[in-house]
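structure, please.
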Amino acid sequence: MFLRLAATLALCLAAGTAFAQTNVKFTLGWKTQGSDAAFFLARDKGYFKEEGLNVVIDQGEGSGATVTRIMGGAYDAGFGDINAIIQNAATRPADAPVMVYMLWNQPPFAIVSKAASGIRTPKDLEGRTVGGAQGTPTTRMLPVFAKTNTLDLAKIKVSNMAPNLQEPMLLQGQIDAALVFNITSYFNLVLNRQDPDKDFSWIKFGDYGLDLYSNGVMVSQKLIKENPKAVAGLVRAINRAVIEIGRDQDLGMEAVVKFDNLVNAGVEKRRLQYSYDTLIVSPEMKEIGVGDLKDDRLKRAIGLVAAGYDLPRQPEPGEVFSRQFLPPKAERELVYVKK
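Here you go, the predicted structure:
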């Protein structure tokens, strides 16, 4: 009898544990894209559930807006730009979220032009008109980019425009180049039946002195303080999915289409692979593992962002990024096999 009661009690406790999940509201950086596959896969394969989490995923309004959404209390976590964290940590250090998993080790900030324009290097931008969306990191960092590359900014005309007009105006010849996120602009061109590799030139900020980090998983300081176990579980689950998708992108795309069956699966699979090819996989990532970063590089990046946005102070790396929730490096060794 005693053994039967003990067994029943154990089953009840186990069932109670299974249902006592922590709710986490998670915002994407933008609308559903192939590059978000890891979040959907972690949900569909039960990785979040295994960590005791019920993660609700919503579409976003921009990688910078992820920060403001979390600061406003509407979301606990999300995928967004570390540079937006830097900006807010400079003025509201107690409220700014903290990045806990760096995914885009390489920055997406770039200047795209038609190959026929002859724009190949930063110096070629002088005397030209470039289109920029006001407030975006690429546009805001142009003065720092110009200073770093000894450009005369007075010789570069910047035409302000909405982000969705940049590629159309470039194609129509109304601007000579556009200040963009490469992972967005590349596929806007694809959707406009263009060949972004053959017919366009790309000047990447990271290749010309602005060695910035970019998007990753961030969480509120409130969640870190009140439930650090949930933060660690969130990171572990996402990391598992990132590693799996590196080996099998079709697995990731199944999760993307399940989340939003209106996406263009062919284009979004290319975007998913582009994110690994261009933004995630790098010599540094191979050295330290996916999810981590180097503090000295982050410190230099903070200085660049502080100059670009005229911040009142430079936050310390520890205010912006925390590696305390990362799984061991052996679990973060990414093998990317393009399929």
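
and stretch 192-207, average pLDDT?
Stretch 192-207 shows a mean pLDDT of 96 in the predicted model.

what's the end-to-end length of it?
This stretch, stretch 192-207, spans 27 Å end to end (C-alpha to C-alpha, to the nearest Å).

in it, what's buried?
Neighbour-count burial for stretch 192-207, with 16 or more other C-beta atoms under 10 Å as criterion, is recorded at 194, 196, 200-206. Quick note: C-beta positions are derived from backbone N, CA and C, even for glycine.

Serialize those to JSON lines and add fields for distance to W30 and secondary structure.
Below are the buried residues of stretch 192-207 laid out as JSON lines (distance: C-beta to C-beta, whole Å; DSSP: H, G, I helix; E, B strand; the rest coil):
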{"residue": "Q194", "distance to W30": "21", "secondary structure": "coil"}
{"residue": "P196", "distance to W30": "19", "secondary structure": "coil"}
{"residue": "F200", "distance to W30": "22", "secondary structure": "strand"}
{"residue": "S201", "distance to W30": "25", "secondary structure": "strand"}
{"residue": "W202", "distance to W30": "20", "secondary structure": "strand"}
{"residue": "I203", "distance to W30": "23", "secondary structure": "strand"}
{"residue": "K204", "distance to W30": "20", "secondary structure": "strand"}
{"residue": "F205", "distance to W30": "20", "secondary structure": "helix"}
{"residue": "G206", "distance to W30": "21", "secondary structure": "helix"}
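
any chance of CSV for those residues, columns distance to L298?
Output for the buried residues of stretch 192-207, formatted as CSV (distance: C-beta to C-beta, whole Å):
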residue, distance to L298
Q194, 35
P196, 30
F200, 31
S201, 29
W202, 24
I203, 23
K204, 19
F205, 16
G206, 14
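
nearest to T22 among these?
Of all the buried residues of stretch 192-207, G206 has the smallest distance to T22: 36.4 Å, by C-beta to C-beta.

pretty sure A146 sits against I156.
Yes - between A146 and I156 there is a contact at 7.1 Å, judged by C-beta atoms under 8 Å.

how about V242: what's its closest non-neighbour residue?
Nearest non-adjacent residue to V242, counting by C-beta to C-beta, 6 or more residues apart in numbering: A38, 4.6 Å away.

could you give the number of residues near the one you found?
Here the number of neighbours of A38 (other C-beta atoms under 10 Å) works out to 28.

can you tell me which residues contact it?
The contact partners of A38, by C-beta atoms under 8 Å, 6 or more residues apart in numbering, come to 103, 238, 241-242, 245, 252.

likewise D296?
By C-beta under 8 Å, 6+ apart, the contact list for D296 is empty.

ok, now how distant is the nearest residue to E50 once chain neighbours are set aside from Y276?
Using C-beta to C-beta, 6+ apart and skipping residues adjacent in sequence, the residue nearest E50 is A237, 7.2 Å away. Separation of A237 from Y276 (C-beta to C-beta, to the nearest Å): 19 Å.

more neighbours: the two, which one.
Taking neighbours as other C-beta under 10 Å, A237 and Y276 compare with A237 leading, 24 against 21.

for the more buried one, which three-state class applies?
Three-state call for A237 (DSSP: H, G, I helix; E, B strand; the rest coil): helix.

P327 and V235, how far apart?
Using C-beta to C-beta, one gets 7 Å for the distance from P327 to V235.

follow-up on the earlier one: which one of the contacts of A38 is nearest to K222?
Within the contacts of A38, distances to K222 taken as C-beta to C-beta reach their minimum at I238, with 19.4 Å.

and for that closest one, the neighbour number?
The number of residues packed near I238 is 27, by other C-beta under 10 Å.

now do R120
Around R120 there are 11 other residues, counting by other C-beta under 10 Å.
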